[in-house]
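Any chance you can model this:
(one chain, ligands or ions: 1)
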Amino acid sequence: MDSTESTMLAAIAWLNGRLLPLSEAVVSIDDRGFQFADGVYEVLRVYHGQPFAFREHFARLVHSARAILLELPLTEADLKDICLGLIDRNGQQEAEIYLQLTRGVAPRSLQIPTSATPSLLVAIKPPRLVASALRQDGVSMITVNDDRWAHCDIKATALLANVLALARANQVGAYEPLFVRDGFVTEGASSNFFLVCGGSLVTAVADWRILPGITRHFVVQLAQELGIPLEQRNIPHQELAEAEEAFLTSTFREVLPVTRIDSRPVGDGRPGSRTRALQDAFQQLLP
Ligand SMILES: Cc1ncc(COP(=O)(O)O)c(C=O)c1O
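Now for the predicted structure:
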């Protein structure tokens, strides 16, 4: 078996009750996810055969689904069974689970259909791995105008603004864009953002302007356990110039140092001690 074949076998989908190779999982062109991005999603990491923070991901899925007036078609226990079944089938200890729930198939109309059945995809794939050089040395960000909608707390599949912001960052060689809305730093295109300023860890308050990241949630707890002062508040754009350290968080990146923002070094340009402490503490949490 060559590596492409083994990668293909490692990618399996549960689509509306059917188990399929990911490449064979297809939905109708009338699915409202395809037509309108009328859906929500989650991404979970599997470590040593265990889905990490399943409870927290499920709670966020419930929040997202409610926020778009979509009823979740299954319970937490049902969904966990599906995920564990996929992990078992896939046979890999390290994996990533992508879950997408859309409003289902209906003739194209903006009106919410009364009778459509929600469409649920749960797919398991090899995990995206972050190069150890980036974990060690850090990554760069550039600030971009946060022109996303006013419900960034919903993990909606409509990600075009995030796609374009990342393209802008990548065009100038930056790893991730850093959104700024009305003069305040919010988050990355697919990550939450933290900085250390005056000895305190600072991150944007979890309101409509950011996704309440699961990794962010654990990092906030860990900072409290490690005795690192923490402020969840608005971060003025100018404060970036005073940052001693910065990092971003997300499910597949975990805690990733940020050492340059808008081509200027953060602090001395190297990952700082608080970033390292939280990186290590996060690793200790994993199964
Ligand atoms: C906009 C945005 N913010 C933050 C995050 C990080 O969230 P989590 O830690 O739950 O992966 C993501 C993850 O994809 C995201 O898309």
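
what does this structure put close to the ligand?
Contact residues, the chain versus the ligand (CB under 6 Å from any ligand atom): 43, 187, 190-192, 211, 213-216, 249-251. Where you see a C-beta, it was placed from the backbone N, CA and C, and this is true even at glycine.

Among the residues you listed, which ones are in strands?
Judged by DSSP state E, strands contain the following of the residues of the chain next to the ligand: 43, 187, 192, 249, 250.

Residue in the stretch 1-150 of the chain with the shortest distance to the ligand?
residue 43 (5.9 Å; CB to the nearest ligand atom).

need the helices for this structure, in chain order.
3-9, 32-36, 54-67, 76-90, 132-137, 160-171, 214-226, 273-285 (DSSP state H).

Export these as TSV, with columns for mean neighbour count.
Shown next, in TSV, are those (neighbours: other CB atoms under 10 Å):
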stretch	mean neighbour count
helix 3-9	11
helix 32-36	20
helix 54-67	17
helix 76-90	16
helix 132-137	12
helix 160-171	15
helix 214-226	19
helix 273-285	17
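
so can I have JSON lines of those helices showing mean pLDDT?
Listed next are these as JSON lines, based on pLDDT from 0 to 100:
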{"stretch": "helix 3-9", "mean pLDDT": "45"}
{"stretch": "helix 32-36", "mean pLDDT": "98"}
{"stretch": "helix 54-67", "mean pLDDT": "98"}
{"stretch": "helix 76-90", "mean pLDDT": "97"}
{"stretch": "helix 132-137", "mean pLDDT": "97"}
{"stretch": "helix 160-171", "mean pLDDT": "98"}
{"stretch": "helix 214-226", "mean pLDDT": "98"}
{"stretch": "helix 273-285", "mean pLDDT": "98"}
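
How much space separates the residue lying closest to residue 222 once chain neighbours are set aside from residue 204?
Leaving aside its chain neighbours, residue 222 sits nearest to residue 281 (4.5 Å; criterion: CB to CB, 6 or more residues apart in numbering). Going from residue 281 to residue 204 by CB to CB, to the nearest Å gives 21 Å.
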